[in-house]
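Engineer: sequence and predicted model, in that order:
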Amino acid sequence: MRPRLLRFLFTIEFLLALQAIWTFWVQVGGQYHLDLMFWPWKFGLSLLGATLIVAISAGRMPKLAAALLVITIGVAGMVTYYYHLNEPADQDDEVQDQQTLLIRPARRLIAAPNV
């Protein structure tokens, strides 16, 4: 194939791989955690993953590229898990805690009879 046509096809594959990575990450990691995530993590890992997918299909060191792709997915999973563990507390939980304190019955004090 002509190099210009290959370059065009690899560009199309790169853009499709970016879209596939973002869709996969949203489905697996959850949109909420990605919204909390610092944008360079999402940007860098997505670009790295798409580049590695194109490198694998281009036949450039497929074993090394596949290993790096697995490492990229592992790092993305760890970053998503970190943001899952450190997500801010919901305001609804605080309201429920306050409401349960208000609903609890007060203790009744039994006074001793005067003798």
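Structural biologist: Arrived safely, thanks for sending. Residues are numbered from 1 along each chain as shown.
Engineer: pLDDT below threshold where in this structure?
Structural biologist: For the chain, the stretches with pLDDT under 70 are 92-113, 115.
Engineer: what about the helices in it?
Structural biologist: Assigned by DSSP state H, the chain shows helices spanning 3-29, 31-36, 39-58, 62-85, 91-103.
Engineer: which one of those is the most hemmed in?
Structural biologist: helix 39-58 (a mean of 17; mean count of other C-beta atoms under 10 Å). Where you see a C-beta, it was placed from the backbone N, CA and C, and this is true even at glycine.
Engineer: tell me the angle of it relative to helix 3-29?
Structural biologist: Orientation check (axes from the mean of the first three to the mean of the last three C-alpha atoms, to 10 degrees): helix 39-58 against helix 3-29 gives 130 degrees.
Engineer: what sits against G49?
Structural biologist: Applying C-beta atoms under 8 Å, 6 or more residues apart in numbering to G49 gives the contacts A17, I21, L69, T72, I73, A76.
Engineer: how about those residues in CSV, adding distance to L6?
Structural biologist: Shown next, in CSV, are these (distance: C-beta to C-beta, whole Å):
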residue, distance to L6
A17, 16
I21, 22
L69, 21
T72, 24
I73, 26
A76, 28
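Engineer: just to revisit the earlier point, could the helices of the chain be laid out in TSV, adding distance to N114?
Structural biologist: Shown next, in TSV, are these (distance: least, C-beta to C-beta, whole Å):
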stretch	distance to N114
helix 3-29	69
helix 31-36	62
helix 39-58	72
helix 62-85	59
helix 91-103	34
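Engineer: leaving out the residues flanking it, which one is nearest to I73?
Structural biologist: G49 (7.3 Å; C-beta to C-beta, 6 or more residues apart in numbering).
Engineer: tell me the spacing between the one you found and V26.
Structural biologist: 14 Å (C-beta to C-beta, to the nearest Å).
Engineer: got it, and I71?
Structural biologist: Note on I71: its distance to V26, by C-beta to C-beta, is 21 Å.
Engineer: contacting residues around the nearest residue to A58 once chain neighbours are set aside?
Structural biologist: In space, and not counting its chain neighbours, A58 is closest to F10: 6.5 Å by C-beta to C-beta, 6+ apart. Neighbouring residues of F10 by C-beta under 8 Å, 6+ apart: V54, S57, A58.
Engineer: right, I'll leave it there.
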